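1. Predicted coordinates and the sequence they were generated for:
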Amino acid sequence: MNVPVNHTLPPFLLNSIPKSGTHLLKQLLLGIPGIQHHPDKGMFGHYEYQTEIQINRARNLPNNEFINGHLYYSKKWEHFFHDMNMKQIFVIRDPRDVVISYAYFIPKLPIHPLYTTFTQKGFTHRDRIKFLIEGGQPTDPKKAYQPNVQDWFTSFSDWMDKDNVLTIRFEELLSSPFKKIQTVNKIIQFLWEDRPVPFTSPILVGKMIQNINPTTSPTYRKGKIGGWREEFDDELKRTFKIIAGDLLIALNYETNQNW
């Protein structure tokens, strides 16, 4: 669908912590008439790991297109997007649910650095959860050390208070129809600001929400809120509280350590 020139959007970034609802947000954004996204333009990790082709693609992104990635926060990345005046939608999720989702996902992804560790004989699903909470050295000594959940999560979540960044919580899109509409409106206001919005805002919200179909996502499993409660035993809860209990409070997922 062609969009009038005065309704076009400058290019922007969809950044997310892994297993935090990336595909849900992609589908939502692709419900915007005329918007484009090409998965081969994605960027992941540290700035220094990107190829010249990836950097140039990001620099020359046309209007009405977004790129996505799982980008750690760094001053280099911040300056890179600041210099281009590129907006970022940043997606987070309860770190406990991220751990559970990641523990299921990694054994299905042979290219992941933890794949060999997580698929070794006798390494249980609970072992994977514990490893992601505590961190550790993969079985291959050449692979990078996996930080504990606090350090790993904050290496991304430091984006949250930066300029030109809108933080969206995965839970905001699942908790209630009202909250979902409110959140999509927030995205529209962030992307367009004072620019003319195609159609009316309610129609645009409807088009974006109607484009969500989790079953077409290659990484979709359950996408539920609070699934960690079914998987954390008392020891895992204690370990998580020691390592990242303060993180949950800082992110407003808990008000204290009594969960």
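-> Yep, it's here.
2. SS state for Gly34?
-> Recorded secondary structure, Gly34: coil (DSSP: H, G, I helix; E, B strand; the rest coil).
3. Look up how far His23 lies from it.
-> Computed with C-beta to C-beta, to the nearest Å, the distance linking Gly34 and His23 is 20 Å. Using the backbone N, CA and C atoms, a C-beta is placed for each residue, glycine as well.
4. mind pulling up the phi and psi values for Ala244?
-> Torsion angles at Ala244 (phi, psi; degrees, to the nearest 10) stand at phi -140, psi 20.
5. pLDDT wise, what is it at?
-> The score at Ala244 is 98. That number is its pLDDT.
6. from memory it sits against Ile133, does it?
-> Yes - between Ala244 and Ile133 there is a contact at 7.5 Å, judged by C-beta atoms under 8 Å.
7. what's the overlap in contacts for these two?
-> Residues within reach of Ala244 and of Ile133 at once, by C-beta atoms under 8 Å, 6 or more residues apart in numbering, are 148-149.
8. what ranges do the strands span in the chain?
-> Along the chain, the segments classed as strands by DSSP state E run 12-16, 36-37, 43-45, 65-71, 87-92, 165-169.
9. Comparing these, which comes out most buried?
-> The highest mean neighbour count among the strands of the chain, using mean count of other C-beta atoms under 10 Å, belongs to strand 12-16: a mean of 23.
10. mind listing what it pairs with, with the direction of each?
-> Sheet pairing for strand 12-16, assigned by DSSP bridges, gives strand 65-71 (parallel), strand 87-92 (parallel).
11. how far out from the middle of the chain is it?
-> For strand 12-16, the separation from the chain centroid amounts to 8 Å (computed by C-alpha atoms, centre = their mean, to the nearest Å).
12. can you pull the pLDDT of the closest residue to Asp158 other than its chain neighbours?
-> Excluding the flanking residues, the one nearest Asp158 by C-beta to C-beta, 6 or more residues apart in numbering is Tyr73, at 3.8 Å. Predicted confidence (pLDDT) for Tyr73: 97.
13. I'd guessed Tyr73 sits against Phe153; true?
-> No - with contacts defined as C-beta under 8 Å, Tyr73 does not count as touching Phe153, sitting 11.0 Å away.
14. ok, those two, which is more surrounded?
-> Just comparing Tyr73 and Phe153: by other C-beta atoms under 10 Å the higher neighbour count belongs to Phe153, 22 against 19.
15. now the more buried one, nearest residue through space, not along the chain?
-> Spatially, and ignoring its direct neighbours in sequence, Phe153 is nearest to Pro95 (5.0 Å; C-beta to C-beta, 6+ apart).
16. Enumerate every residue touching the nearest residue to Lys237 once chain neighbours are set aside.
-> Nearest non-adjacent residue to Lys237, counting by C-beta to C-beta, 6+ apart: Trp259, 7.7 Å away. Trp259 is in contact with 237, 241, 248, counting by C-beta under 8 Å, 6+ apart.
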